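>>> Sequence below, structure please.
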Amino acid sequence: MQGIKPRTSKLFYQFSLEDHISADHPLRRIDHVLDLRFLYKQTRPYYGSQGQKSIDPVVFFKICLVGYFNNLTGDRALIRFCNDSLSARWFIGYDIDQALPVHSTLSRTRSLFGEDIYEQVFSEILGLCVNAGLVQGDRQVVDSALVKANAHIGSMQRKQILEDASEYCRQVIRENKDDALPCPGPALEAVALPSKTKDSKDKSSKNNDTHQCSSDPDARMGFKPNKPKDMYYHGQVCVDSQHGVVTAAMGDYGDRNDHYSFAELLAKARENLAGYGLSINEVLADTGYTTGENIRWCEQADMTAYMPNPSNYTPERPGFTYNEQADRYECSQGEYLTYRSTTINKKRKKRNYRTSTKQCKNCPIIQQCITSKSTFKQLAHSPGKPWYDLMARRLSSSYGKWLLRKRKAIVEPALGNLLHNNAMKKVYARGIQAANKHVMMASMSMNLKKWLKHSTKPPKVKAHRAISTPWSHDVLDFKQIYSFVETILAHQVQKLSPQSMNLANPLFSDL
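Numbering: from 1, shown residues only. Model prediction:
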């Protein structure tokens, strides 16, 4: 017989979230080990003593974690998801008849809390992974990915430069007559930008030097291979080599090269790992992080770096020998190329070495050595050449080559997981601080997922205990346990008949 389920609504319900969330549910396991109550003390300075009560800081971070777990970062979509999910309601502590916070509350709270609060939550979750044996700490891998900003490239406008500083000074004096100071000096000359062209709306005519995004001034126009030119931030992560746990994360401007964030990111990783007694010995990175300053920084910090040299690096110049102590080149004819100047080309410094015209005038191989119309020989290299030479020797070993191959297998899956499974692909909040918090929250989500995957599951028990015990569930009092067991044994002894009692048994020796 076919059954038909009529849809009727009850007037009264008897329902408990605790009974409907399984004991091995991921959110229940996380709630059992993740203690965020320290946030009450840390966030107290952000609130006043009067007015309406804010959202619970612990609830705020739990809601955010639920969103990143499910690849959701839009506040409206996140609140709708939590409103429909029984497990999410149980995790954040809201019963089925309680209204969830408004989506705008999440936006205001996110901008209210400082980045140091997010750092403390990140360190707390990292501690769970360390205690579960998922972090080795000895070898770290650094890499980055473009994070789409909540802005459109069409909103980029030309930067406005103050044409007359004296007029601005006079305006300030008129508005503050009591504290007025004399206007210093004559009017400054106007600073003119290149004139606008007909195709100024095209992407090709816009760049970060002359244009700025009106909706998000911190977003930058950028692109990578297989990526469209758009507004981006950079998500920088430091990943442990054992299980791919993120040990440090930060956001950066989309047009900055990776090597600018290298030292700051590794300093955060060292601080986070030092809190759990771990230290970094080896660092792996790609060519974008390779500079002489970064290699020197690693050596001074007792860390061995393995980073490929730039493509324009030349280890040796045929016919010339570099003397590091004297800081000069010597040609095959015995002439010296001495240091003359330092120039900057495409934001890269170069040290220039050259001979004089007199030195090369009577050289027998001048035609083979100097191919241009110049009358002297000139060479240039980076100020970090000694460090590049060190890196070239290090990577030529079989161990160095093996580490470079291992780097991709460690960090590329982690970045793909962050972008596609933990909502790091796009940040909906605006500003560099919001991007920094976004990258950290995505890293927290992935670390918790790895902890869930590798940690030992607790024994399966019923979600609601039907039998109560005389001791606390949180702190075991062994005196109470002994008294409880002694009472049960005495009760069982009374049921025994005198014939079945063997007084020779040690159990009854004290009776």
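>>> Run through the strands of the stretch 101-250 of the chain in chain order.
Secondary structure of the stretch 101-250 of the chain (DSSP state E, counting those that start in this stretch): strands at 139-148, 156-158, 211-213, 220-222, 230-240, 246-253.
>>> Give the partner strands of the fourth one in its sheet and their orientations.
Take DSSP bridges as the rule and strand 220-222 pairs in its sheet with strand 230-240 (antiparallel).
>>> Ok, which of the strands of the stretch 101-250 of the chain comes nearest Cys331?
strand 139-148 (39.6 Å; C-beta to C-beta). Where you see a C-beta, it was placed from the backbone N, CA and C, and this is true even at glycine.
>>> How far does that closest one sit from its chain's centre?
Offset of strand 139-148 from its chain centre (C-alpha atoms, centre = their mean, to the nearest Å): 8 Å.
>>> got the CA positions of it in PDB?
Written as PDB, here are the backbone C-alpha positions of strand 139-148 (Å, rounded to 0.1, in the frame of the first residue of the first chain):
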ATOM      1  CA  ARG A 139      61.500  22.100   7.100                       C
ATOM      2  CA  GLN A 140      59.100  24.900   5.900                       C
ATOM      3  CA  VAL A 141      57.900  25.700   2.400                       C
ATOM      4  CA  VAL A 142      56.900  29.200   1.400                       C
ATOM      5  CA  ASP A 143      54.600  30.100  -1.500                       C
ATOM      6  CA  SER A 144      51.800  32.500  -2.500                       C
ATOM      7  CA  ALA A 145      48.600  32.700  -4.600                       C
ATOM      8  CA  LEU A 146      46.500  35.500  -6.000                       C
ATOM      9  CA  VAL A 147      43.400  36.200  -4.000                       C
ATOM     10  CA  LYS A 148      40.600  38.000  -5.900                       C
END
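>>> Return the list of helices and strands in contact with it.
Applying 3 or more C-beta pairs under 8 Å, 6 or more residues apart in numbering; DSSP states H and E, one finds that strand 139-148 contacts strand 230-240, strand 246-253, helix 262-274, strand 282-284, helix 398-421, helix 432-454.
>>> Please name whichever of the strands of the stretch 101-250 of the chain is nearest to Asn294.
Among the strands of the stretch 101-250 of the chain, strand 139-148 sits nearest to Asn294 (C-beta to C-beta), with 9.8 Å.
>>> how many neighbours does the nearest residue to Glu324 once chain neighbours are set aside have?
Leaving aside its sequence neighbours, Glu324 sits nearest to Pro386 (C-beta to C-beta, 6 or more residues apart in numbering; 6.0 Å). If you count neighbours by other C-beta atoms under 10 Å, Pro386 ends up with 15.
>>> Surely Tyr329 is within a helix?
No: using DSSP: H, G, I helix; E, B strand; the rest coil, the assignment for Tyr329 is strand, not a helix.
>>> Now do it against Met391, distance only.
Applying C-beta to C-beta, to the nearest Å, the value for Tyr329 to Met391 is 21 Å.
>>> Kindly state the pLDDT recorded for Asn505?
Note on Asn505: pLDDT of 46.
>>> now do Gly133
Gly133 is assigned a pLDDT of 91 by the prediction.
>>> ok, now which ones touch the nearest residue to it once chain neighbours are set aside?
Excluding its sequence neighbours, the residue lying closest to Gly133 (C-beta to C-beta, 6+ apart) is His454, at 7.9 Å. For His454, the contacting residues are Ala132, Gly133, Leu134, His243, by C-beta atoms under 8 Å, 6 or more residues apart in numbering.
>>> Is it possible to mark the buried ones in those?
Neighbour-count burial (16 or more other C-beta atoms under 10 Å) applied to the contacts of His454 gives Ala132, Leu134, His243.
>>> how long is stretch 329-340 from one end to the other?
Terminal residues of stretch 329-340 are spaced 12 Å apart (C-alpha to C-alpha, to the nearest Å).
>>> ok so, going back, quick one: residues in contact with the helix or strand where the residue nearest to Glu324 lies.
Under the criterion of DSSP states H and E, Pro386 resides in helix 385-395. Here helix 385-395 makes contact (C-beta under 8 Å, 6+ apart) with 290, 292, 295-296, 299, 304-309, 313, 315, 322, 324, 351, 382, 400-401, 404.
>>> Stretch 319-326 too?
Arg328, Tyr329, Glu330, Cys331, Ser332, Leu337, Cys369, Leu379, His381, Lys385, Pro386.
>>> how is this protein carved up into domains?
The record's domain parsing of the chain by automatic domain parsing lists 17-113, 119-157+206-310+384-443, 320-381, 478-508.
>>> which of these is buried the deepest?
domain 119-157+206-310+384-443 (a mean of 19; mean count of other C-beta atoms under 10 Å).
>>> Work out the gap between that domain and the centre of the chain.
Counting by C-alpha atoms, centre = their mean, domain 119-157+206-310+384-443 is centred 7 Å from the centre of its parent chain.
>>> Residue numbering should commence at 37 henceforth.
All right, first residue 37 from here; so that's domain 155-193+242-346+420-479.
>>> Okay, now that domain: how far is its last residue from its first?
11 Å.
>>> Ok, stretch 381-396 next?
End-to-end distance (C-alpha to C-alpha), stretch 381-396: 27 Å.
>>> Same check on stretch 44-56?
Terminal residues of stretch 44-56 lie 21 Å apart, using C-alpha to C-alpha.
>>> Kindly report the same for stretch 394-413.
One end of stretch 394-413 to the other measures 11 Å (C-alpha to C-alpha).
>>> so where's the protein uncertain?
Counting by pLDDT under 70, the chain contains low-confidence ranges at 196-240, 382-383, 408, 492-547.
>>> ok, the nearest residue to Ile406 once chain neighbours are set aside to Asp245 distance?
Using C-beta to C-beta, 6+ apart and skipping the chain neighbours, the partner closest in space to Ile406 is Lys413 (5.7 Å). To Asp245, Lys413 is 35 Å away according to C-beta to C-beta.
>>> One more: Ala181?
Between Ala181 and Asp245 the distance is 24 Å, computed by C-beta to C-beta.
>>> Ser143 too?
In this structure, Ser143 and Asp245 are 31 Å apart, going by C-beta to C-beta.
>>> backbone phi and psi for the nearest residue to Ser315 once chain neighbours are set aside, please?
Excluding the flanking residues, the one nearest Ser315 by C-beta to C-beta, 6+ apart is Gly173, at 6.3 Å. Main-chain dihedrals, Gly173, degrees, to the nearest 10: phi 80, psi -20.
>>> In this structure Gly173 contacts Asp276, no?
Yes: counting by C-beta atoms under 8 Å, Gly173 touches Asp276, with 6.6 Å between them.
>>> Identify the contacts common to these two.
Residues touching both Gly173 and Asp276 by C-beta under 8 Å, 6+ apart: Thr283.
>>> pretty sure Arg112 is touching Thr141, no?
No: using C-beta under 8 Å as the test, Arg112 is too far from Thr141 to be in contact (11.9 Å).
>>> Could you work out the most separated pair of the contacts of stretch 355-362?
Of all pairs drawn from these, the widest gap by C-beta to C-beta lies between Cys405 and Pro422 and measures 25.0 Å.
>>> Just give me the neighbour total for Leu47.
Neighbours of Leu47 (other C-beta under 10 Å): 4.
>>> Would you check how far apart it and Asp55 are?
For Leu47, the distance to Asp55 - C-beta to C-beta - is 21 Å.
>>> Please apply the same query to Ser277.
Taken as C-beta to C-beta, the span from Ser277 to Asp55 is 43 Å.
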